[in-house]
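Peer 1: Starting from these lines, generate the structure:
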Amino acid sequence: MMRPARVLLLILLAATSLSLAPPAHPTGGLVSAYLPLLPYDGNLFVFYRDFEIVPAQIEIAAGQEVTFVIQGGWHQPYNFTPPNVFEAPAGLTNNTWSYTFDEVGTLTILCGYHANMSATVIVTEGP
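Peer 2: Numbers count the residues shown, from 1 in each chain. This is a model prediction of the structure:
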């Protein structure tokens, strides 16, 4: 017979392993939490999770679509400085939202709910 402490430990380990599972990919399959800019069928993904944007800097070609994956709370991707001005709908949580960066330039993407969250997007001329 197992001791109560050992049973509790097994329950905690099982619960922890469930929370460490990779997130579901927006189109099916799994996304690795450690590969933040993941090409998938020609798309790129940027993660808003906890209090960070991952990756902190990306370089993409003009015309490239980026899908923002919202994890762990409410986040709102936006940029109000030209080029590529955009604002995702408010209150996104555990959802995705996509934007096509058409204009060449360097911009800072932010979170509408967390002033300390930012990342840099460098948009270069297409191939």
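Peer 1: Please settle this for me: is Trp97 part of a helix?
Peer 2: No. Counting by DSSP: H, G, I helix; E, B strand; the rest coil, Trp97 falls outside a helix, being strand.
Peer 1: Could you find the closest non-adjacent residue to it?
Peer 2: What sits nearest to Trp97 in space, not counting adjacent residues and going by Cβ to Cβ, 6 or more residues apart in numbering, is Ala88, at 4.4 Å. C-beta: built from backbone N, CA, C; applies to glycine.
Peer 1: Could you list the single helix or strand in the protein with the lowest mean pLDDT?
Peer 2: Across the helices and strands of the chain, mean pLDDT, DSSP states H and E gives its lowest value to helix 4-19, namely a mean of 47.
Peer 1: which is the next helix or strand following that helix?
Peer 2: As assigned by DSSP states H and E, the chain's next helix or strand after helix 4-19 is strand 44-49.
Peer 1: so where is the chain shaky, pLDDT-wise?
Peer 2: Within the chain, the ranges that satisfy pLDDT under 70 run 1-43, 127.
Peer 1: switch the cut-off to 90
Peer 2: 1-45, 48-51, 70-76, 80-84, 86, 89-96, 112-113, 115, 126-127 (pLDDT under 90).
Peer 1: could you measure Thr108 against Asn94, distance?
Peer 2: 24 Å (Cβ to Cβ, to the nearest Å).
Peer 1: can you check Asn116 too?
Peer 2: Taking Cβ to Cβ, one finds Asn116 at 21 Å from Asn94.
Peer 1: So between these two, which is more surrounded?
Peer 2: The residue with more neighbours, out of Asn116 and Asn94, is Asn94; 12 against 8, by other Cβ atoms under 10 Å.
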